[in-house]
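Peer 1: Fold the stuff below for me.
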Amino acid sequence: MATQKERSKKSASAAEEKEIAESPETEESGASPLDEVMTQAERAYAAYMDAERQVAKAYHENELQVAKAYRRAEQQAYRAYETTASKAMKQREEALAQAAEARETAIQEAEASYKSSEQAANSAYEATIAEAAGSRDENIERAWKVRDETIEQAWQIYSKIAR
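Peer 2: Below is the predicted model of the structure:
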């Protein structure tokens, strides 16, 4: 957007250029050296004003290009952020899935170990109980033999005495 000052300069220089172009008397008639200098000065001023407009236009175009470059950089930064965030989220999900899988495996292994230990304990218990029952039965059988022998001896002694 042109400021009020620039607009007034443009209109003034356009009017001066028009005035210079419309006064053919300076070129046709033998103009005085002062008129020629004035004409040259006016042309130089018009060229200066034109150059100033071109410089302003170049600055404006540069400003637009810089803004465009900034927007591109900003978009690239947003895309890079989104890419990084989505990769991080994917890695997080994969890590959680691996952790859940490892947890499940550990639970299964613990349950298998518990069952194995339970079976071993039950087998040891049953073997100990069977051994103890065998020993008990042998001891009872020996005790009955000893009792029977003792009773037999007692009857033999009694029968010798009683005869």
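Peer 1: Check which helices and strands the helix or strand containing E138 is in contact with.
Peer 2: Taking DSSP states H and E as the definition, one finds E138 inside helix 33-162. Counting by 3 or more Cβ pairs under 8 Å, 6 or more residues apart in numbering; DSSP states H and E, the packing neighbours recorded for helix 33-162 are helix 4-22, helix 25-28. (C-beta placed from N, C-alpha, C; glycine too.)
Peer 1: State the mean pLDDT of the last one.
Peer 2: Same thing as helix 25-28. On average, the pLDDT along helix 25-28 is 47.
Peer 1: How about stretch 142-160?
Peer 2: 89.
Peer 1: Please spell out which residues along that stretch are buried.
Peer 2: Going by neighbour count (16 or more other Cβ atoms under 10 Å), nothing in stretch 142-160 comes out as buried.
Peer 1: all numbers from here: first residue = 18
Peer 2: Fine by me, first position is 18 from now on; the one you just mentioned is stretch 159-177.
Peer 1: how many neighbours does R60 have?
Peer 2: R60 has 13 neighbouring residues, counting by other Cβ atoms under 10 Å.
Peer 1: what does the one 3 residues further on give?
Peer 2: Around A63 sit 16 other residues, with neighbours defined as other Cβ under 10 Å.
Peer 1: Just the pLDDT at it, thanks.
Peer 2: At A63, pLDDT is 96.
Peer 1: Could you measure from it over to T56?
Peer 2: Going from A63 to T56 by Cβ to Cβ, to the nearest Å gives 11 Å.
Peer 1: Same check on D67?
Peer 2: 16 Å.
Peer 1: what does I124 give?
Peer 2: According to Cβ to Cβ, I124 stands 101 Å off from T56.
Peer 1: Likewise for T122?
Peer 2: 98 Å.
Peer 1: Same question for Y98.
Peer 2: Relative to T56, and taking Cβ to Cβ, Y98 is found at 63 Å.
Peer 1: that older thread, hey, least reliable of the helices and strands packed on helix 50-179 by pLDDT?
Peer 2: helix 42-45 (a mean of 47).
Peer 1: Y98 and T56: which has the busier surroundings?
Peer 2: T56 (15 against 10).
Peer 1: list the contacts for the most centrally placed residue in the chain?
Peer 2: Residue closest to the average C-alpha location in the chain (Cα atoms, centre = their mean): A105, at 2.1 Å. For A105, no contacting residues are found, by Cβ atoms under 8 Å, 6 or more residues apart in numbering.
Peer 1: Many thanks, have a good one.
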